[in-house]
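**Student:** Next one to model:
(2 chains)
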Amino acid sequence: MKKNQIKTVKGFNEVLPPESFRWRLVEDKFRDLLEGYGFAELRLALLEPTELFARSIGGETDIVEKEMYTFSDRSDRSLTLRPEGTASVVRAFNQYSLGKINEINKLYYVGPMFRYERPQKGRYRQFHQLGAEVFGEESFFQDAETLLMLAQLFHTLSVEGVVLHLNSLGCELCRPTFRDQLKSFLLERQTSLCSDCQRRMQENPLRALDCKNPSCREAVVDAPQINQSLCDDCRQHFSGLCTLLDNAELDYQVNPKLVRGLDYYTRTTFEFLAGGLGAQNAVAAGGRYDRLVAELGGKMTPAFGFAIGFERLMMLAGDKLAPLSSPFVALVPLGEEALRLLFPLYMELNRSAKVATLNFQQKSLKSQLKKADRDGVKYTLIVGPDELAQGVAICRNMQTKEQTQLSFDKLGEALRELYHEY
RNA sequence: GUGGGUGUAGCUCAGUUGGUUAGAGCGCAGGAUUGUGGCUCCUGAGGCCGAGGGUUCGACCCCCUUUACUCACCCCA
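**Tutor:** Numbering: from 1, shown residues only, chains lettered A, B, ... in the order given. I've put the predicted structure just below:
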């Protein structure tokens, strides 16, 4: 690395070939799957008014408190690079009155997110999420559809060892009761809690449940559990979902201590956890947020969504993907006249797919064959001075080493025939 | 924000208790009797040894500073 070499900003994650091919493979699988279930893509702004995130994610969350890329533009507006996707999708849902166009809206997005954190394995400052949101459907069937769809995605990508953790956080009727219960429980044990938990106890006591500090864990072992205080509707919603998952034979663990780092969730919350990702073990997470649309100024609209960490998904799926496809034939000219002859054929063959390679540098036959071999082509088409004189090209099968002669006027046709056979 | 580890070729890494031209494997380029790939062999290109300062006759090596990367805490996808 040279002294004055300009480099990427710390923690900004870039994807180069051949990794970028694998990314697109996975992204395509995601799109195909989601679109099969009636989701449509939303391409949204990366930059939002800071207020959007403070109001949606919650002012007391770590994301908003210390992890956002926030700055002022030239007109002194406070802007923030989006740290997650849901807030923007909800904003767009309200802004474009999508709820008035369709009763149910199923939307997905793919793209970069930004959080100012210390980078480590599976965690970057610019990272990528695949996410989806459903608006207007309150039924637990929706929760089940989405969770089962995610499980299908992992299955399609041969990702194994991913475990679904599930919980219900209740609704605006039953959660406050639980919050109060938990708060007084925590107050009694205040001295054994870490400073963060003590501080957040008032605003957001639920966070103490998934604190990783050992003494906090100890202290909350016997904490009241949310599933004990769910109201009837929430209880039925959750058990309805569980039954559907059972029937579909999807394994899951109910984890009463699973709360999420974002404040907007209600009822169902979940995480898909995987080993092999270092300390960052959540590959996908999400849940239901029935009040957020209204809180951001829209009509009361139930919603359910999730986000997948793309880099984390790739760590799990990356090396199990199909190998990259090779071009079919290497055109091998010897001399400029042969190059001129093969060039139009090359342009013709690649018109709709990667079929042929052609080197413009007049390299030796040996080195062109070597390159063709490395590229994994099935055939090479050799044209040198001798062939030019006879009006034929040598077609060499790289596996069998068989060589046949093709006359110039039938080259394109003959190659297309071979290509279709293969 | 807090700790630990590591910075030597495009990649993965050796290296000398401080001593002359800093090495290997992979990769890349060329070659091994005329125009035929993989295996093998040969050759070559490519490094101011992360940066700055200090100690020394002399520093890739020792000391200080700094920076980047990395892992973990925290938090999250």
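
**Student:** Kindly report the residues of the stretch 51-200 of chain A close to RNA strand B.
**Tutor:** Contact residues (C-beta under 7 Å from any atom of the strand) of the stretch 51-200 of chain A with RNA strand B: A:61-63, A:67, A:84, A:115, A:117-124, A:127, A:129, A:196. C-betas here are computed from N, CA, C, even on glycine.

**Student:** Separate out the buried members of those residues.
**Tutor:** Burial by neighbour count, judged by 16 or more other C-beta atoms under 10 Å, picks out A:T61, A:D62, A:I63, A:E67, A:E84, A:R115, A:E117, A:G122, A:R123, A:Y124, A:F127, A:Q129 from these.

**Student:** Inside helices: which ones of the residues you listed?
**Tutor:** Among these, the members falling in helices (DSSP state H) are A:D62, A:I63.

**Student:** Quick check: the farthest pair among the buried ones among the residues of the stretch 51-200 of chain A next to RNA strand B?
**Tutor:** A:T61 and A:G122 (20.1 Å; C-beta to C-beta).

**Student:** and stretch A:170-179, C-alpha only, in CSV?
**Tutor:** The C-alpha coordinates for stretch A:170-179 follow below in CSV (Å, rounded to 0.1, in the frame of the first residue of the first chain):
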residue,chain,number,x,y,z
GLY,A,170,-47.6,-7.6,23.9
CYS,A,171,-49.5,-4.6,22.8
GLU,A,172,-50.3,-1.1,24.2
LEU,A,173,-52.9,-2.8,26.5
CYS,A,174,-50.7,-5.4,28.2
ARG,A,175,-47.2,-4.1,27.8
PRO,A,176,-47.5,-1.1,30.2
THR,A,177,-48.6,-3.4,33.0
PHE,A,178,-45.6,-5.7,32.3
ARG,A,179,-43.3,-2.7,32.1
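
**Student:** Please identify the buried residues of that stretch?
**Tutor:** For stretch A:170-179, the neighbour count (16+ other C-beta under 10 Å) marks A:G170, A:C171, A:C174, A:R175, A:F178, A:R179 as buried.

**Student:** farthest pair in those?
**Tutor:** Farthest-apart pair in those is A:C171 and A:R179; separation 12.2 Å (C-beta to C-beta).

**Student:** How about residues contacting the lowest-mean-pLDDT helix or strand in chain A?
**Tutor:** Least confident helix or strand, chain A: helix A:195-200 with a mean of 71, by mean pLDDT, DSSP states H and E. Residues outside helix A:195-200 that contact it (C-beta atoms under 8 Å, 6 or more residues apart in numbering): A:E60, A:L186, A:Q190, A:R207, A:A208, A:C211, A:N213, A:C216.

**Student:** Can you name the next helix or strand after whichever strand or helix holds the last one?
**Tutor:** Meaning A:C216. Secondary structure from DSSP states H and E places A:C216 in helix A:214-220. Next in sequence after helix A:214-220, counting helices and strands by DSSP H and E, comes helix A:232-247.

**Student:** could you say what helices and strands that following helix packs with?
**Tutor:** helix A:140-156, strand A:162-168, strand A:252-254, strand A:266-274 (3 or more C-beta pairs under 8 Å, 6 or more residues apart in numbering; DSSP states H and E).

**Student:** Of those, flag the one that's most buried.
**Tutor:** Counting by mean count of other C-beta atoms under 10 Å, strand A:266-274 has the highest mean neighbour count of the helices and strands packed on helix A:232-247, with a mean of 23.

**Student:** Remind me what it packs against, helices and strands.
**Tutor:** Using 3+ C-beta pairs under 8 Å, 6+ apart, strand A:266-274 sits against helix A:140-156, strand A:162-168, helix A:232-247, strand A:282-288.

**Student:** Let me see the mean pLDDT of it.
**Tutor:** Averaging pLDDT along strand A:266-274 yields 93.

**Student:** Also stretch A:30-45?
**Tutor:** Here the average pLDDT along stretch A:30-45 is 97.

**Student:** Can you tell me what sits against stretch A:247-262?
**Tutor:** A:56-58, A:61-63, A:84, A:86, A:144, A:147-148, A:151, A:163-167, A:169, A:206-207, A:209-210, A:220, A:225-227, A:242, A:245, A:265, A:269-271, A:285, A:287.

**Student:** From the chain's centroid, how far away is that stretch?
**Tutor:** From the chain centre to the centre of stretch A:247-262 is a distance of 20 Å (C-alpha atoms, centre = their mean, to the nearest Å).

**Student:** now stretch A:411-422
**Tutor:** Using C-alpha atoms, centre = their mean, the offset of stretch A:411-422 from its chain centre is 38 Å.

**Student:** what residues does it touch?
**Tutor:** So stretch A:411-422 is contacted by A:328-329, A:345, A:348-349, A:355-356, A:378-379, A:381, A:393, A:395, A:406 (C-beta under 8 Å, 6+ apart).

**Student:** quick one: average pLDDT of that stretch?
**Tutor:** 86.

**Student:** same deal with stretch A:143-155?
**Tutor:** 97.

**Student:** what about it, distance to the chain center?
**Tutor:** Using C-alpha atoms, centre = their mean, the offset of stretch A:143-155 from its chain centre is 14 Å.

**Student:** Output that stretch as CSV, restricted to C-alpha atoms.
**Tutor:** What follows is stretch A:143-155, C-alpha atoms only, in CSV (Å, rounded to 0.1, in the frame of the first residue of the first chain):
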residue,chain,number,x,y,z
ASP,A,143,-46.3,-13.5,10.8
ALA,A,144,-46.2,-17.2,9.9
GLU,A,145,-46.0,-16.5,6.2
THR,A,146,-43.0,-14.2,6.7
LEU,A,147,-41.1,-16.5,9.1
LEU,A,148,-41.7,-19.6,7.0
MET,A,149,-40.6,-17.7,3.9
LEU,A,150,-37.4,-16.7,5.7
ALA,A,151,-36.8,-20.3,6.6
GLN,A,152,-37.3,-21.2,2.9
LEU,A,153,-34.7,-18.7,1.9
PHE,A,154,-32.2,-20.3,4.3
HIS,A,155,-33.1,-23.7,3.0
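
**Student:** need the buried ones among the residues of the stretch 51-200 of chain A next to RNA strand B in JSON lines with pLDDT, can you?
**Tutor:** Shown next, in JSON lines, are those (pLDDT from 0 to 100):
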{"residue": "A:T61", "pLDDT": "79"}
{"residue": "A:D62", "pLDDT": "81"}
{"residue": "A:I63", "pLDDT": "81"}
{"residue": "A:E67", "pLDDT": "88"}
{"residue": "A:E84", "pLDDT": "94"}
{"residue": "A:R115", "pLDDT": "93"}
{"residue": "A:E117", "pLDDT": "89"}
{"residue": "A:G122", "pLDDT": "85"}
{"residue": "A:R123", "pLDDT": "89"}
{"residue": "A:Y124", "pLDDT": "91"}
{"residue": "A:F127", "pLDDT": "93"}
{"residue": "A:Q129", "pLDDT": "96"}
